[in-house]
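Trainee: missing the sequence, but the structure's below:
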């Protein structure tokens with residue numbers, strides 16, 4: 001469906017029918033690109049999805065900071081408890097407070113899922129547009145594919161350990177001993 005011309009054809013060497021066919025092909029390509037630009041729904045992305053992602057990540061930061069402070073305060077309170085007859089009951093009360101503070105993980109997981117979904121929509125729309133206009137970076141690579149490869153490499157290097165050979169925890173502990 002796309003226009004395959006990379007330069008303006010020499011109109012002197014084209015017959016009127018070929019010129020018309022070339023112009024129709026260019027018009028079809030422009031129409032297709034306009035459709036892909038409309039499908040990006042840039043206003044929706046900037047109005048709804050990006051601000052929502054920003055707000056959700058801010059809420060994640062606030063929730064994790066609050067939970068961390070609660071856990072630290074409980075741990076400090078446990079360290080300051082007098083060793084008396086009520087010691088066990090006081091420690092248990094602080095441990096329950098810590099358990100409650102750890103519930104932030106579920107809430108932050110839900111919020112992060114929303115952000116991931118918003119970013120996935122953005123990535124899909126941009127990849128569709130880049131494909132439609134045959135966008136390439138300076139090295140001639142599809143930018144969406146290059147970004148996915150770079151992200152995958154970064155996650156492997158800095159993210160959770162993939163299945164396969166890993167350093168045993170005992171070896172790591174021995175290294176720091």
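Mentor: Okay, I see it. Please read these numbers as outputs of a predicted model, since none were measured by experiment.

Trainee: SS state for the residue of the chain positioned farthest from its centre?
Mentor: If you look at how far each residue of the chain sits from its centre, by C-alpha atoms, centre = their mean, the farthest one is residue 85, at 51.7 Å. Counting by DSSP: H, G, I helix; E, B strand; the rest coil, the backbone at residue 85 sits in coil.

Trainee: What confidence value was assigned to it?
Mentor: We have a pLDDT of 90 for residue 85.

Trainee: One more: residue 135?
Mentor: As predicted, residue 135 sits at a pLDDT of 67.

Trainee: can you check the one 3 residues further on too?
Mentor: Each residue has a pLDDT score; the one for residue 138 is 57.

Trainee: any idea of the mean pLDDT in the helix or strand harbouring residue 105?
Mentor: Element membership of residue 105 [criterion: DSSP states H and E] is helix 104-132. Model confidence over helix 104-132, given as mean pLDDT, is 80.

Trainee: List the buried residues for that helix?
Mentor: Buried residues in helix 104-132, counted by 16 or more other C-beta atoms under 10 Å: 104, 108, 111, 114-115, 118, 125-127, 129-130, 132. For the C-beta atoms, the positions are set from N, CA and C on the backbone; glycine is no exception.

Trainee: Save these as a markdown table, and put in distance to residue 176 too.
Mentor: Output for the buried residues of helix 104-132, formatted as a markdown table (distance: C-beta to C-beta, whole Å):
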| residue | distance to residue 176 |
| --- | --- |
| 104 | 29 |
| 108 | 29 |
| 111 | 34 |
| 114 | 38 |
| 115 | 35 |
| 118 | 40 |
| 125 | 46 |
| 126 | 44 |
| 127 | 43 |
| 129 | 49 |
| 130 | 46 |
| 132 | 53 |
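
Trainee: So which of the residues you listed is the closest to residue 18?
Mentor: residue 132 (25.2 Å; C-beta to C-beta).

Trainee: That closest one contacts residue 32, correct?
Mentor: Yes: counting by C-beta atoms under 8 Å, residue 32 is a contact partner of residue 132 at 6.3 Å.

Trainee: Sketch out the low-pLDDT regions of the chain for me.
Mentor: Counting by pLDDT under 70, the chain contains low-confidence residues at 1-12, 40, 42-46, 135-148, 150-168, 172.
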